[in-house]
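Novice: The sequence and its predicted three-dimensional model are supplied below.
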Amino acid sequence: MTAEVADVIQCANERGNRLLGLPRRKSTGASSARDSLASLYMPRGECSRAVLELYGTNIFITAEEYLMLAAWILTTVTTTGVKSELAELRALRGAVAMVKFSLLENALDSVDIGLEYFSKAMKGHDRKDYKQCLLNLFQAAELLLKAVVSRQGARIIFNPTSLRKHCKNPDHPTESELHRCQSINIERLCELLVQHHPREFSDEAFQIMKAVAQMRNNIQHFAIVAEPQYLSLQLQKLYQQVLRPAFIIIQTDEADDSWNSDLRQEIIDYERQFLDIIVHEEYTLALCPVCESFSHFILYEGESYPIRTHCICCGFGLNDLQTWDFQQCPECGTPSVIYLPQHRAGVCLWYKCEYSKMEGFVPMEPCKCGEYRMEEHCRNCDPEEE
């Protein structure tokens, strides 16, 4: 067993301990990691059950982590029962991956279509365009939120009664069984989001989701009666309060080094489209200093200076900026730097600056004189260096 595999097993072991409420075990190498996992689960006859619980609770681990652990079990445990249950685990992961992929793919398709109709609606104010925009963006929001909560396990987005009716083993449904199951309603979906993501979604987000759900039902069964201006406002809120945080959560399933992945580029493009519709050219795009993705949107909204920013990939952002918040950048010379106490560094919001294009954080810290030292220089204390 390689050291890398041992590290993966040790990590999985500790995660399993936390899940099952068992004490942590120290590992000093490959053999002790292997023995620790075996001694922890095998005497109870729960090796495969523990693995199922472990990965069922945090189902979207990396494929490499799962395969390495599965390979270890196959080569170490020879009982037919465990191998059989491991095959069941593979089937479960396949079903979950399919559910997640289908949800996300369909959600992004709906975002694409919805934004296209939103652009048409804002230009022509045609009720039919607003109707198609609402139907598609609501469907996108519903599917995205289900993809978000399904990270806790595939069966969480299905009605429990339906699971018991259609699945031989409701705890570990197969893909074909899930196809026959009824998914949860909006009310239950919002409850799960409150439970698992209380900080990412506001109360307003859930109110908007429910309000737009009612509008969707009215459109499908009756007719659209709302004024275009009201519809436009609701759709903007739906995107900002629901789709944006969902996009950010979904991206946490991406590998740490995949900031230029197809998914991220697609989400960045959706954000561009949305801002083109809402604020037109009153924004710029720069490197995010936190996640180092080119996804930091800087909004002016009619002012001569940025008033707020947000990163569509990691959620970093600045709000309610005022002229007196800005310091002169040592690189580009413009009053465009905001100090970030939590990072003990600054961020330049002039999109043409090298810090905004390539370098990220500006070296910056408070100076004893009350000003700031940037690049180890204080304009107040070291004027001779100007």
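Specialist: Done, it's in. Numbering: from 1, shown residues only.
Novice: what residue ranges in this structure score low on pLDDT?
Specialist: Applying pLDDT under 70 to the chain picks out residues 1-101, 223-225, 253-260, 383-386.
Novice: can you give me the end-to-end distance of stretch 353-362?
Specialist: With CA to CA, to the nearest Å as the measure, stretch 353-362 spans 11 Å from end to end.
Novice: repeat for stretch 279-288
Specialist: Note: stretch 279-288 ends 20 Å apart using CA to CA.
Novice: Now tell me what touches it from outside.
Specialist: Here stretch 279-288 makes contact (CB atoms under 8 Å, 6 or more residues apart in numbering) with 272, 275, 293-302, 311, 313-314, 316, 349, 351, 356-360. The way it works is simple: take the backbone N, C-alpha and C, and place the C-beta from them, glycine included.
Novice: how does it look with 6 Å?
Specialist: Defining contact as CB atoms under 6 Å, 6 or more residues apart in numbering, one finds that stretch 279-288 is touched by 275, 294-301, 311, 316, 351, 356.
Novice: Take those residues and write them to JSON lines, including distance to Ala246.
Specialist: Shown next, in JSON lines, are the contacts of stretch 279-288 (distance: CB to CB, whole Å):
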{"residue": "Leu275", "distance to Ala246": "17"}
{"residue": "Phe294", "distance to Ala246": "21"}
{"residue": "Ser295", "distance to Ala246": "15"}
{"residue": "His296", "distance to Ala246": "19"}
{"residue": "Phe297", "distance to Ala246": "17"}
{"residue": "Ile298", "distance to Ala246": "22"}
{"residue": "Leu299", "distance to Ala246": "20"}
{"residue": "Tyr300", "distance to Ala246": "26"}
{"residue": "Glu301", "distance to Ala246": "24"}
{"residue": "Cys311", "distance to Ala246": "15"}
{"residue": "Phe316", "distance to Ala246": "17"}
{"residue": "Tyr351", "distance to Ala246": "26"}
{"residue": "Ser356", "distance to Ala246": "27"}
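Novice: Sort out which of the residues you listed are buried, if you could.
Specialist: For those, a neighbour count by 16 or more other CB atoms under 10 Å gives the buried set as 275, 294-300, 311, 316, 351, 356.
Novice: Could you give the backbone dihedrals for Ile298?
Specialist: phi -110, psi 120 (degrees, to the nearest 10).
Novice: what's the answer for Leu340, then?
Specialist: Backbone geometry at Leu340, expressed as degrees, to the nearest 10, gives phi -110, psi 100.
Novice: what's the answer for Cys311, then?
Specialist: phi -100, psi 130.
Novice: need the contact list for it.
Specialist: For Cys311, the contact set (CB under 6 Å, 6+ apart) comprises 288, 295-296.
Novice: In space, what's closest to it - neighbours in sequence excluded?
Specialist: Distances taken as CB to CB, 6 or more residues apart in numbering place Cys288 nearest to Cys311, at 4.2 Å, with adjacent residues excluded.
Novice: still on that earlier bit, max pairwise distance over the contacts of stretch 279-288: which two?
Specialist: Spatially, the most separated pair among the contacts of stretch 279-288 is Phe294 and Glu301, at 21.2 Å (CB to CB).
Novice: Can you show me the helices along the stretch 51-200 of the chain?
Specialist: For the stretch 51-200 of the chain, helices defined by DSSP state H, counting those that start in this stretch occupy the ranges 63-76, 80-124, 127-149, 160-166, 175-178, 186-196.
Novice: Let me fix that, I meant to ask about the stretch 201-350 of the chain.
Specialist: Using DSSP H, counting those that start in this stretch, helices in the stretch 201-350 of the chain cover 203-221, 228-237, 244-251, 262-278.
Novice: Pick the most buried one from the ones you listed.
Specialist: Neighbour counts (mean count of other CB atoms under 10 Å) averaged over each of these peak at helix 244-251, with a mean of 22.
Novice: Now do that helix against helix 203-221, angle only.
Specialist: Following axes from the mean of the first three to the mean of the last three CA atoms, to 10 degrees, one obtains 100 degrees for the angle between helix 244-251 and helix 203-221.
Novice: Let me have the helices of the stretch 201-350 of the chain in CSV, extended by distance to Glu175.
Specialist: Listed next are the helices of the stretch 201-350 of the chain as CSV, based on distance: least, CB to CB, whole Å:
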stretch, distance to Glu175
helix 203-221, 28
helix 228-237, 34
helix 244-251, 21
helix 262-278, 22
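Novice: of these, which approaches Glu105 most closely?
Specialist: Counting by CB to CB, Glu105 lies closest to helix 262-278 out of the helices of the stretch 201-350 of the chain; the figure is 10.3 Å.
Novice: Now do the closest one: everything it contacts.
Specialist: Residues from elsewhere that reach helix 262-278, judged by CB under 6 Å, 6+ apart: 111, 115, 118-119, 122, 239, 247, 283, 295, 312-313.
Novice: next one: stretch 237-244
Specialist: Stretch 237-244 is contacted by residues 137, 141, 204-205, 208-209, 212, 274 when judged by CB under 6 Å, 6+ apart.
Novice: now do stretch 194-203
Specialist: 152, 193, 245.
Novice: Which residue is the nearest non-sequential neighbour of the second one?
Specialist: Translated: Leu193. Nearest one to Leu193, counting by CB to CB, 6+ apart, is Phe201 at 5.3 Å.
Novice: What of the first one?
Specialist: Of all residues not flanking Gln152 in the chain, His196 sits nearest, at 5.9 Å (CB to CB, 6+ apart).
Novice: Give me the neighbour count for that neighbour.
Specialist: For His196, the count of nearby residues is 15 (other CB atoms under 10 Å).
Novice: Look up how far Val242 lies from it.
Specialist: His196 sits 15 Å away from Val242, going by CB to CB, to the nearest Å.
Novice: And for Ile312?
Specialist: On the measure of CB to CB, Ile312 and Val242 end up 14 Å apart.
Novice: Kindly report the same for Phe326.
Specialist: Here Phe326 is placed at a distance of 32 Å from Val242 (CB to CB).
Novice: which one of those two has more residues nearby?
Specialist: Each of Phe326 and Val242 has its neighbours counted (other CB under 10 Å); Val242 has more, 26 against 20.
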